[in-house]
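Enquirer: Quick one, fold the following:
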Amino acid sequence: MSRYALTEILEATSGRLILRGADAFSGVSIDSRTIKVGELFVALQGERFDGHLFVDEALKKGVGAIVSYPPVVPRGRSIIHVNNTLQALQRIARYRRLSRQVSVIGVTGTNGKTTTKEMITVVLNGRYKVLSSRGNLNNQIGLPLCLTDLDDHDMAVLEMGATKAGDIRELSDIARPDIGVITNIGPAHLEGFGSLETVRDTKYEILDFVKTAVLNADDPNIKDIPGQCRIVTFGLKEGADVRADDIVYDEDGLSFRVYLKDEGSADVRLSVLGLFNVYNALAAVAVCRLLNVPIGEISSSLGEFGGVPMRLELKELKGALVISDLYNANPASMEEAVKELVRLRRGRAVAVLGDMLELGPYGEQAHRKLGRWLATLNVDVLIAVGDLMSYTCEEFSAGNGNLKALHVRDPREAREILLGMVSKEDTVLIKGSRGMRLEGVLED
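Expert: The predicted model follows:
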C-alpha cells in the first residue's frame with residue numbers, strides 16, 4: 001500500500017500546513033465517495049465542480065486534505081493550502097515517480113492506447129510487479145492519480161491521452177517515461193487540435209522524454225520523426241523490427257506469426273477481433289522484448305488476454321451476431337470496425353452507427369466521407385444515429401439506391417427499428433462516440 005509522509009507531501013507541493021493532524025497518509029483520493037480510511041483528499045476544482053464542497057464528507061474517512069481555500073474542518077486532520085490543487089496532485093505524482101526506481105512505459109496514439117496498455121501489462125505481470133493505468137484514466141487528472149499508487153513496483157504502464165497541443169508534454173513531464181509507444185496517428189479530437197499535423201506534433205511530444213520509442217512503421221502519418229531517442233518499429237511490412245505475417249481470422253479471434261529482427265519468430269493467438277489488434281499486440285511484443293521478456297513467454301501471455309470492455313465485443317440480439325464497439329469513435333476506428341462487420345457477415349450486414357464527435361469543423365466532411373465509403377462495401381443496411389450521421393446516411397443512399405438507409409435521432413429509436421427488422425442470419429455492428437450512448441440500442 002502506498003504511504004506518504006506529511007513532510008513528503010509538503011515538499012512535493014510546496015504547500016503550507018495550516019492545520020496539523022495526521023503525519024502520514026495511506027494514499028491519495030479525489031473522490032469523497034470512494035476515499036478510504038487514512039487517505040489524503042485533494043479538493044480539485046473545475047468549471048462544473050468544486051471538491052472543497054465535499055471536504056467535510058471526505059474527512060470522515062480521510063485524515064487530511066489539500067485545498068486552495070481553507071474549509072471548516074474538525075481537529076485531528078492535516079490541512080495543506082496550495083494555490084492550485086490540480087497542480088498539487090500532479091506534483092505529488094511526479095515526486096512519487098522520481099523517488100522510485102521504476103521503468104515507465106507511456107502509451108499514446110489516436111487508437112489502441114488502452115488495449116496496447118493492457119496487453120503490455122498482461123505480459124509484464126508474469127515476471128514483474130506492474131502498476132497500470134486504471135481503465136482509461138489517461139488525462140491530466142487520471143494519469144497523476146494513477147501514479148500516486150506507485151509503491152514497490154518494478155514497472156508502470158501508463159496511458160497518455162490528448163485533446164490539444166501540449167497535453168502529452170505535460171503528462172510526460174509528470175510520468176517521465178523511459179519507453180514511449182505511439183500506436184498510430186489519425187484524425188481525432190480535431191475540435192481541440194485543429195489539424196492532423198497538430199495531432200502528430202502532440203504525439204511526438206513524448207519523444208523529448210524517452211530513451212526508446214516504439215512506433216508503427218505502417219502508419220503513413222508517422223514520419224519526419226524528431227529527437228535523438230532509439231527507434232524500434234512494428235508493423236506488417238518488411239523492414240519492421242517486430243513484424244507479423246500469416247494472419248488467420250475466425251469468429252473467436254485471430255492468430256499470426258511474429259518475427260523479431262535477428263531474434264527468430266513465434267506463433268501468437270489472440271482471442272480478440274480486428275487487424276488493428278495485431279498492431280496492438282506487435283507494439284506490446286516490442287516493449288516487452290525491450291524489457292527482457294522472452295518471446296515464448298510474451299506469446300503465451302498474449303494468448304490469455306481477454307480484451308477490453310466495450311471494444312469489439314460479440315453479443316447476440318434475436319439470434320443475430322452483434323459486434324458491440326461502444327467505447328468511442330473517430331474516422332480511423334470506425335473504418336476498422338466496419339471492416340470487421342464485413343468480414344464476419346453471415347447474411348445481411350447491418351451497421352448501426354452513431355455520430356463521431358469532437359471533430360469540430362471537420363465533422364460534416366468526415367461523416368460524408370464515411371457514407372461514400374460505406375456505399376462501396378458489402379453493407380446492406382445503415383441505421384444512422386445522430387445529427388452528424390444524417391450526412392453519412394445521405395451519401396450512403398446516393399452511392400447505391402438499392403441500399404437501405406435510415407436516419408434516427410437517438411439510440412432508443414434505433415433499437416425499435418433494429419428489433420423490427422433483424423433476423424438470426426444477420427450480422428450487426430453497433431458503434432459511435434461515447435457521448436452517443438449507443439448501449440441503448442442493446443438495452444431494454
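Enquirer: Look up phi and psi at Ala337.
Expert: Geometry field for Ala337 lists phi and psi as phi -70, psi -40, criterion degrees, to the nearest 10.
Enquirer: For the worst-scoring helix or strand of the chain on mean pLDDT, buried residues please.
Expert: Least confident helix or strand, the chain: helix 190-193 with a mean of 90, by mean pLDDT, DSSP states H and E. For helix 190-193, a neighbour-count test (16 or more other Cβ atoms under 10 Å) marks Leu190, Gly192, Phe193 as buried. No exception for glycine: its C-beta is placed from N, CA and C like everyone else's.
Enquirer: ranges for the helices of the chain?
Expert: 6-13, 55-58, 85-98, 113-124, 142-147, 167-175, 190-193, 196-203, 275-290, 295-302, 331-344, 363-374, 389-399, 411-421 (DSSP state H).
Enquirer: quick revisit: from the buried residues of helix 190-193, which single one is nearest Val82?
Expert: Gly192 (27.2 Å; Cβ to Cβ).
Enquirer: if I read this right, Leu6 contacts Asp23, doesn't it?
Expert: Yes: counting by Cβ atoms under 8 Å, Leu6 touches Asp23, with 4.8 Å between them.
Enquirer: What is the neighbour count of Gly38?
Expert: The number of residues packed near Gly38 is 16, by other Cβ atoms under 10 Å.
Enquirer: so what's the residue lying closest to Thr376 once chain neighbours are set aside up against?
Expert: Spatially, and ignoring its direct neighbours in sequence, Thr376 is nearest to Gly399 (6.9 Å; Cβ to Cβ, 6 or more residues apart in numbering). Shown in contact with Gly399 (Cβ atoms under 8 Å, 6 or more residues apart in numbering): Gly371, Arg372, Leu374, Ala375, Thr376.
Enquirer: if we can go back for a sec, worst average pLDDT in the helices of the chain?
Expert: When those are compared by mean pLDDT, helix 190-193 comes last with a mean of 90.
Enquirer: Check which helices and strands that helix is in contact with.
Expert: Using 3 or more Cβ pairs under 8 Å, 6 or more residues apart in numbering; DSSP states H and E, the elements in contact with helix 190-193 are helix 196-203.
Enquirer: export the helix it packs on as CSV, just CAs?
Expert: Written as CSV, here are the backbone C-alpha positions of helix 196-203 (Å, rounded to 0.1, in the frame of the first residue of the first chain):
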residue,chain,number,x,y,z
LEU,A,196,-3.8,16.3,-38.3
GLU,A,197,-0.4,17.9,-38.2
THR,A,198,-1.0,19.2,-34.7
VAL,A,199,-2.2,15.7,-33.7
ARG,A,200,1.1,14.3,-34.9
ASP,A,201,3.2,17.1,-33.3
THR,A,202,1.4,16.5,-30.0
LYS,A,203,2.0,12.7,-30.0
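Enquirer: So what touches that helix?
Expert: Everything outside helix 196-203 that qualifies as a contact, by Cβ under 8 Å, 6+ apart, is 108-110, 162, 164-168, 182, 185-190, 193, 221-222.
Enquirer: Can you give me the end-to-end span of stretch 186-206?
Expert: With Cα to Cα, to the nearest Å as the measure, the ends of stretch 186-206 fall 17 Å from one another.
Enquirer: now it, how far from the chain's geometric center?
Expert: Taking Cα atoms, centre = their mean, to the nearest Å, the mean C-alpha location of stretch 186-206 is offset from the chain mean by 15 Å.
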